[in-house]
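*Asks:* any chance you can model this:
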Amino acid sequence: MPKASKKPVSGIVGKALRPNASIAADYAKPTVDLIGLMSRDVERQLKKLFKENNYGFAEDASISSQARILLNWLLAKWSKRFREIAEKSTDRMIERTIRNSAVTLGLSLKEASEDFKIDTSFRNAQINDVIKASTQEAANLIKVIPQKYLAEVQGQVMRSITTGKGMEDLVPFLTKKYNGNVRHARNVALDQTRKAYQSINTSRLKTLGVKKFIWIHSGGGKEPRVNHIRMSGNEYSFDNPPVIGVMYGEEVRGLPGDLPNCRCICKPVINFDLDE
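*Replies:* Numbers count the residues shown, from 1 in each chain. Next up, the predicted model:
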């Protein structure tokens, strides 16, 4: 981990850069609503399948074959709707985050010094690349929801057919999956909004010549990362970020908000080199 000081002296410290929580909440809502519609549709169609035992398909088709056909149809139906909502809601989240970044970054620099007169709403090729990557990553996480969900549903349907319990096994499973998908969608919305906000801010700060930041632990969360608590108040470099955790046995370097469920934020350390 890079050497750090609890009281950085390399420049003027700006106001903490904190994403707008309402953007993430609004971003999650269309996905959560669609998860509810999909879950109810899946349960309704499966109940009909088990009740009628042929669901309008060929009379000699087994219930297992009927279930596969039904679930493939549901996958095609809901994948299309999730693709549409992913693109629309993600574009809206990113545009709001871009504006939020400009406002909060401007306030941060103003708190550091009233002399800073900088247009923080600017966009260049690097920032546009960050925006494009952030949009694609966030949208893809929404698009895969029906595929992952219905793959698990199909496995449970086949098990319920094997046991002969049918909907008796399926109803509690579907309820549990619905609740899990809602939690997952909200967490993804929070994470992706924070990551997009942090990435856009970082690109703008680096373009402006700001090279350092102070890590600020959020103080929230049921299981805070111990190393993030220790890092709070320390100064780090955008170009040489600190070790923020371990994933798959490897140390990971990054910025506040990069790890899943990380709510840490940062304060920019402003020290423009007049010789550059």
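*Asks:* can you list the residue ranges for helices in this protein?
*Replies:* Ranges of helices in the chain, per DSSP state H, are 21-52, 63-112, 125-143, 145-163, 167-208, 226-231.
*Asks:* of these, which is nearest Ser218?
*Replies:* Nearest of the helices of the chain to Ser218, taken as C-beta to C-beta: helix 226-231 at 8.3 Å. Backbone N, C-alpha and C define where each C-beta goes, glycine included.
*Asks:* what sits up against the closest one?
*Replies:* Residues from elsewhere that reach helix 226-231, judged by C-beta atoms under 8 Å, 6 or more residues apart in numbering: Met1, Ala4, Trp215, His217, Pro242, Val243, Ile244, Gly245, Cys262, Cys264.
*Asks:* in it, what's buried?
*Replies:* His228, Met231 (16 or more other C-beta atoms under 10 Å).
*Asks:* same question, stretch 182-196
*Replies:* 182, 184-186, 188-196.
*Asks:* of these, which is the nearest to Ser64?
*Replies:* Minimum distance to Ser64 across the buried residues of stretch 182-196 is 28.4 Å, recorded for His184 (C-beta to C-beta).
*Asks:* so what pLDDT did that closest one get?
*Replies:* In this model, His184 is scored at 96, pLDDT.
*Asks:* got a list of what it touches?
*Replies:* His184 touches Ile145, counting by C-beta under 8 Å, 6+ apart.
*Asks:* now it: how far from Arg159?
*Replies:* To Arg159, His184 is 22 Å away according to C-beta to C-beta, to the nearest Å.
*Asks:* for the helices of the chain, which one sits closest to Gly249?
*Replies:* Per C-beta to C-beta, nearest to Gly249 of these: helix 226-231, 16.1 Å.
*Asks:* what about that closest one, distance to the chain center?
*Replies:* 22 Å (C-alpha atoms, centre = their mean, to the nearest Å).
*Asks:* average pLDDT across that helix?
*Replies:* 92.
*Asks:* coming back round to it: most tightly packed of the helices of the chain?
*Replies:* helix 167-208 (a mean of 19; mean count of other C-beta atoms under 10 Å).
*Asks:* and that helix, how far from the chain's centre?
*Replies:* So, by C-alpha atoms, centre = their mean, the centroid of helix 167-208 is 4 Å from its chain's centroid.
*Asks:* can you check stretch 117-125 too?
*Replies:* Here stretch 117-125 is found 25 Å from its chain centre; the criterion is C-alpha atoms, centre = their mean.
*Asks:* tell me which residues in that stretch are buried?
*Replies:* Thr120.
*Asks:* quick one: mean pLDDT for it?
*Replies:* Mean per-residue pLDDT for stretch 117-125: 89.
*Asks:* which residues are in contact with it?
*Replies:* Here stretch 117-125 has contacts from Ile98, Arg99, Ser101, Ala102, Val103, Leu105, Gly106, Leu109, Ile131, Arg204, Thr207, Leu208, using C-beta under 8 Å, 6+ apart.
*Asks:* what's the end-to-end length of that stretch?
*Replies:* Terminal residues of stretch 117-125 are spaced 22 Å apart (C-alpha to C-alpha, to the nearest Å).
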